[in-house]
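>>> The amino acid sequence is not available; the structure is as follows:
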């Protein structure tokens, strides 16, 4: 009725079972380690991607107001934009910010050409001048009260012709982290009575 095993047979079965059990534990541990590492990598990647997305939305400038200067031939020679940090934005370094200029005849990407606080705009660079800068960190918007003037020389970009009345241009201001502010400016329909060098609202 009962089968009797000797001690040697029981020892062999016990060792075999133990070996199989240890092997299963090792395989499970390796698999768990792979899963934990993969989950950690995916979490870190998701966090980085999320932070980059937040930066693209929040780390950008806001244009407060704009005006242009009348040129010699009833055209707008250059434009000035007053910028500040957008709501919720971190610091924006204007030295690492680009401006894409798009008109009916020209497309150019401008970089900051000012490092000393004296605005100087060209056909490849925008100028920058300080209005308010609490901590003296010229070129970096890092406080809600910081204000800079950004100057774009339309006359130089448009091959010394300036912008005609009624003409429209688009400016895209992009920070280092990818935050973009789009500005569409329309030149006044007429400049009658305006003299050279006089500012006009855009």
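Received, thanks. Only a predicted model underlies this, so the values are computations on that prediction, with no experimental measurement involved.

>>> contacts, neighbours, all on C-alpha from now
Fine.

>>> Residues contacting stretch 133-148, please?
82-85, 90-95, 115-117, 128-132 (CA atoms under 8 Å, 6 or more residues apart in numbering).

>>> mind checking the end-to-end distance for that stretch?
8 Å (CA to CA, to the nearest Å).

>>> Identify each buried residue in it, please.
Neighbour-count burial for stretch 133-148 flags 133, 138-144, 146-148 (criterion: 16 or more other CA atoms under 10 Å).

>>> Nearest the geometric middle of the protein, what residue?
Among the residues of the chain, the one closest to the centroid is residue 178, at 2.0 Å (CA atoms, centre = their mean).

>>> and that residue, that's in a helix?
No. Checked against DSSP: H, G, I helix; E, B strand; the rest coil, residue 178 lies outside a helix; its state is coil.

>>> Pull out the buried members of the contacts of stretch 133-148.
82-85, 90-95, 128-130, 132.

>>> Sort out for me which of the residues you listed are in strands.
Using DSSP state E, 82-85, 92-93, 128-130, 132 are the members of the buried ones among the contacts of stretch 133-148 that sit in strands.

>>> Between the residues you listed, which sits nearest residue 193?
residue 82 (25.4 Å; CA to CA).

>>> Kindly state the beta-bridge partners for the closest one.
Note on residue 82: beta-bridge partners residue 65, residue 149, judged by DSSP bridges.

>>> got a list of what it touches?
Contacts of residue 82 by CA under 8 Å, 6+ apart are 63-66, 147-150.

>>> Could you check how far it is from residue 18?
According to CA to CA, residue 82 and residue 18 sit 77 Å apart.

>>> just residue 151 next, same as before
Using CA to CA, we find residue 151 at a distance of 79 Å from residue 18.

>>> Looking at these two, which one has more neighbours?
A count of neighbours by other CA atoms under 10 Å puts residue 151 above the other of residue 151 and residue 18, at 24 against 12.

>>> Correct me if wrong: the more buried one contacts residue 78.
Yes. Here residue 151 reaches residue 78: they are 7.0 Å apart, a contact under CA atoms under 8 Å.

>>> Give the helix, strand or coil label for residue 69.
Taking three-state DSSP, the label given to residue 69 is strand.

>>> How many residues are close by it?
The burial count for residue 69: 22, using other CA under 10 Å.

>>> where's it relative to residue 154, distance?
Relative to residue 154, and taking CA to CA, residue 69 is found at 10 Å.

>>> what sits in contact with each of the two?
76-79.

>>> my read: residue 187 touches residue 76, true?
Yes. When contacts are counted by CA under 8 Å, residue 187 is listed as touching residue 76 (7.4 Å).

>>> Now do the helix or strand hosting residue 29, average pLDDT.
For residue 29, the host element (DSSP states H and E) is helix 7-58. The pLDDT scores in helix 7-58 average 71.
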